[in-house]
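Predicted model and sequence below, questions to follow.
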Amino acid sequence: MTGLLLDPPDRFDLETEVAIVGAGGCGLTAALAAREAGAEVWLFERDRVPRGSTAMSSGMIPAAGTRFQRARAIEDDPERFAADILAKNGGATDRRIVDTLARAAGPTVEWLVDRFGLPLDLVEGFLYPGHSRPRMHAPPDRSGAELVGGLLRAVEEHGAGLVCEARVDALLVERKADGGIARVRGLRVERRDGRLETVGAAAVVLACCGYGGAPDLVRRFVPEMAEAPYHGHAGNQGDALRWGEALGAALADLGAYQGHAGLAVPHEVLITWAIVMEGGVQVDATGRRFADETRGYSEQAALVRARPGGVAWILFDEARHRLALSFEDYRRALEAGAIRSAPDPAGLAAVTGLPAEALEETVAEVQKLARTGGTDRFGRCFAGKAPLAPPYRAVKVTGALFHTQGGLVVDTEARVLRPDGSPIAGLFAGGGAARGVSGPGAGGYLSGNGLLSAIVLGRIAGARAAEARRGPAPGCGA
Ligand SMILES: Cc1cc2nc3c(=O)[nH]c(=O)nc-3n(C[C@H](O)[C@H](O)[C@H](O)COP(=O)(O)OP(=O)(O)OC[C@H]3O[C@@H](n4cnc5c(N)ncnc54)[C@H](O)[C@@H]3O)c2cc1C
């Protein structure tokens with residue numbers, strides 16, 4: 001990308017109040033919030049059809065204290081949710097953002113359902129690593145494609161403009177006399193035919209996610225996953241980060257990412273970690289386990305990459321297979337032939353190629369741990385989990401990079417900040433473009449942190465960007 005920051009032209013090709021870069025979960029939600037606040041909104045999306053990583057996701061949005069939880073008598077609240085996020089990342093993040101998102105998530109899920117008709121409901125039957133309560137809210141199919149479909153319909157119905165095949169290649173900035181950035185004044189898009197158009201805007205929202213699709217940035221910031229498959233949206237190439245560097249914005253946690261240790265190979269389909277949380281285990285090519293899989297699928301990804309051949313097998317059984325069938329991705333993996341099945345461990349060894357003796361010992365050990373509620377040598381407790389029972393199942397997986405979690409430092413109003421804490425006027429960010437709440441590495445990713453930042457911070461960014469069109473309050477300066 002060249003010419004990251006440009007001077008505004010004398011005349012824009014289009015003028016709007018709020019311009020949004022990227023039509024994934026963050027951008028679409030920001031558009032709905034900005035429209036609700038009465039702003040004119042245009043979204044610019046590089047793809048022909050908006051999907052983003054959001055459409056590849058399982059569509060699980062974490063939220064506490066919702067009426068969907070209350071209907072199932074689940075006691076939860078934002079404080080407990082925030083405590084879970086902070087426990088997973090060891091407190092190594094901005095607590096104010098965590099508190100803000102934990103408080104806003106419940107109302108945001110209800111807002112999406114009540115105002116825009118999204119079919120979200122509470123997901124029950126298992127807990128993702130680190131969550132002390134069932135609080136994932138997802139569409140019936142547990143697929144992000146359904147979530148994006150609902151958001152797109154709402155955006156159209158509520159009158160936000162959407163331009164596809166429009167890659168934003170530069171931000172337009174007004175400078176101060178000393179050359180510093182006074183404010184962001186719009187953006188420039190490259191259309192499908194190569195035409196360049198300028199868009200003037202009172203506020204720009206960066207919703208173009210992180211840098212998982214940019215191998216140079218992954219090598220620079222996340223070297224441990226540089227050779228791993230990237231299973232997020234290919235179009236997320238770190239544009240927000242590059243603009244942020246050029247603007248002199250504060251950047252943080254650039255080594256943070258969501259990995260996943262359950263990408264079926266060679267099929268490249270996500271295998272839900274619910275299988276593991278409910279009693280399934282991972283073995284490597286020796287047929288032996290190598291970690292406490294319930295610490296989290298994100299940190300487990302690099303562990304799998306380090307095993308022989310960079311692969312592992314998830315071992316489970318019929319009961320967990322049935323649980324997983326509620327996931328669209330799992331059904332696709334089944335159709336693709338990724339899931340092997342056998343009546344006993346010896347048969348499973350035959351269909352997987354794993355060493356029979358080691359596999360039989362592993363299955364027997366895990367069954368005993370579940371029967372006795374024991375804790376294994378890695379510290380994993382099997383209490384309350386039903387022992388694996390025939391027929392057995394297995395799927396070969398690798399560790400993958402799903403998306404990056406570091407990025408532009410924002411405040412609780414989603415304003416992009418400079419290193420001295422002052423906001424860059426006219427610029428907002430959310431989702432993968434902004435610093436997430438997962439701390440500095442892979443281990444701080446609590447399931448749902450991705451869509452929490454995309455959907456909840458996206459809503460805040462859209463609402464605040466709409467306010468910014470009225471200009472700064474008297475006495476607040478530029
Ligand atoms: C397989 C998978 C499963 C996941 N499951 C979950 C889950 O269940 N729950 C959860 O919380 N998180 C999950 N995540 C993470 C979650 O999907 C992401 O954190 C979230 O979708 C990020 O949303 P976003 O709007 O920031 O980015 P995206 O949804 O990726 O949207 C960014 C958009 O910006 C566009 N874009 C990029 N650059 C430009 C540019 N220069 N100009 C114009 N457009 C541009 C892209 O084309 C894209 O459409 C999952 C991720 C993956 C990969």
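Nice, thanks for sending it over. Residues are numbered from 1 along each chain as shown.

Can you check the pLDDT for residue 337?
The predicted structure scores residue 337 at 97 on the pLDDT scale.

so what's it closest to, chain neighbours aside?
Nearest residue to residue 337, sequence neighbours excluded (C-beta to C-beta, 6 or more residues apart in numbering): residue 267, at 7.7 Å. In short, each C-beta sits where N, CA and C put it, glycine included.

mind checking pLDDT for the one you found?
On pLDDT, residue 267 comes in at 96.

so what's it up against?
333, 336, 337, 338 (C-beta atoms under 8 Å, 6 or more residues apart in numbering).

what kind of secondary structure is residue 439 in?
Using DSSP: H, G, I helix; E, B strand; the rest coil, the structure places residue 439 in coil.

Residue 240: what secondary structure?
Secondary structure for residue 240, judged by three-state DSSP, is helix.

Look up the closest residue to it, ignoring the ones flanking it.
Sequence neighbours aside, residue 433 is the residue nearest to residue 240 in space, at 3.6 Å (criterion: C-beta to C-beta, 6+ apart).

The contacts of residue 267 in helices, which ones?
residue 333 (DSSP state H).

Distance to residue 350 added to the contacts of residue 267, as JSON lines?
As requested, these are exported to JSON lines (distance: C-beta to C-beta, whole Å):
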{"residue": "333", "distance to residue 350": "20"}
{"residue": "336", "distance to residue 350": "21"}
{"residue": "337", "distance to residue 350": "16"}
{"residue": "338", "distance to residue 350": "17"}
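
Tell me which two in the contacts of residue 267 are the farthest apart.
Distance extremes for the contacts of residue 267: the farthest pair is 333 and 337 at 8.5 Å, using C-beta to C-beta.

what about the two, which has more around it?
Legend: neighbour count by other C-beta atoms under 10 Å for residue 333 and residue 337, higher for residue 333 (24 against 9).

Tell me how many other residues crowd the residue lying closest to that one once chain neighbours are set aside.
The shortest distance from residue 333 to any non-neighbouring residue, by C-beta to C-beta, 6+ apart, is to residue 269 (4.3 Å). Residue 269 is flanked by 22 other residues according to other C-beta under 10 Å.

for residue 127, same thing?
18.

Name the SS class of it, please.
Of the three states, residue 127 takes coil according to three-state DSSP.

domain assignment for this protein?
Domain assignment for the chain by automatic domain parsing gives 5-254+405-468, 257-401.

so of the ones you listed, which one's packed in deepest?
Using mean count of other C-beta atoms under 10 Å, the stretch among the domains of the chain with the largest mean neighbour count is domain 5-254+405-468, at a mean of 22.

Of all the domains of the chain, which one is nearest the ligand?
Smallest distance to the ligand across those (C-beta to the nearest ligand atom): 1.9 Å, for domain 5-254+405-468.

Which residues of the stretch 251-400 of the chain lie near the ligand?
Residues of the stretch 251-400 of the chain lying near the ligand by C-beta under 6 Å from any ligand atom: 258, 270.

residue boundaries of the helices in the stretch 251-400 of the chain?
According to DSSP state H, counting those that start in this stretch, the stretch 251-400 of the chain carries its helices in the segments 274-277, 297-305, 318-324, 328-335, 345-352, 356-372.

Of all the ones you listed, which one is nearest residue 392?
Of all the helices of the stretch 251-400 of the chain, it is helix 345-352 that lies closest to residue 392, at 4.8 Å by C-beta to C-beta.

What helices and strands are in contact with that closest one?
Other elements packing on helix 345-352 under the criterion 3 or more C-beta pairs under 8 Å, 6 or more residues apart in numbering; DSSP states H and E are strand 339-342, helix 356-372, strand 392-404.

JSON lines for these, including distance to residue 289?
Shown next, in JSON lines, are these (distance: least, C-beta to C-beta, whole Å):
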{"stretch": "strand 339-342", "distance to residue 289": "18"}
{"stretch": "helix 356-372", "distance to residue 289": "6"}
{"stretch": "strand 392-404", "distance to residue 289": "13"}
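
and residue 403, bridged to which residues?
On the basis of DSSP bridges, residue 403 is bridged to residue 258.

Tell me how far it lies from residue 98.
Per C-beta to C-beta, to the nearest Å, residue 403 is found 19 Å from residue 98.

so who does residue 435 touch?
93-94, 97, 251-253, 256, 405-410.

In strands only, show me these.
Using DSSP state E, the members of the contacts of residue 435 that fall in strands are 251, 252, 407, 408.

Just confirm residue 425 is within a helix.
No: Residue 425 is assigned strand when assessed by three-state DSSP, not a helix.

The spatially closest residue to it that is not a sequence neighbour and residue 7, how far apart?
The shortest distance from residue 425 to any non-neighbouring residue, by C-beta to C-beta, 6+ apart, is to residue 183 (3.7 Å). Distance of residue 183 to residue 7, given as C-beta to C-beta: 12 Å.

Could you name every residue contacting both of the two?
With C-beta under 8 Å, 6+ apart as the test, residue 183 and residue 7 both reach 173, 174.

After the longest helix seen in the chain, which helix or strand is next?
Ordering each helix of the chain by length in residues (DSSP H) puts helix 95-116 first. Counting by DSSP states H and E, the next helix or strand C-terminal to helix 95-116 is strand 121-122.

Just checking: what are the partner strands of that following strand?
Counting by DSSP bridges, strand 121-122 is paired with strand 136-138 (antiparallel).

contacting residues around the strand it pairs with?
Here strand 136-138 has contacts from 58-63, 66, 68, 109, 120-123, 128, 147, 447-448, using C-beta under 8 Å, 6+ apart.

Beyond that strand, next helix or strand please.
Following strand 136-138 in sequence, per DSSP H and E, is helix 144-157.

now what about that next one, what contacts it?
Contacts to helix 144-157, defined as C-beta under 8 Å, 6+ apart, come from residues 23-25, 28-29, 31-32, 35, 43, 50-59, 61, 112, 116-120, 138-140, 162, 328.

go on, stretch 87-94?
Residues outside stretch 87-94 that contact it (C-beta under 8 Å, 6+ apart): 85-86, 129-130, 253, 296, 409, 435-440, 443-446.

One more pass at 7 Å, please.
130, 437, 438, 439, 440, 444, 446 (C-beta atoms under 7 Å, 6 or more residues apart in numbering).

got a pLDDT number for the third one?
It refers to residue 438. pLDDT recorded at residue 438 is 97.

check contacts around it.
Contacts of residue 438 (C-beta under 7 Å, 6+ apart): 89, 93, 256, 405, 444, 445, 449.

Quick check: the farthest pair among those?
Across the contacts of residue 438 (C-beta to C-beta), the longest gap, 11.1 Å, separates 93 and 445.

so residue 141 touches residue 328, yeah?
Yes: applying C-beta atoms under 7 Å, one finds residue 141 in contact with residue 328, separated by 4.5 Å.
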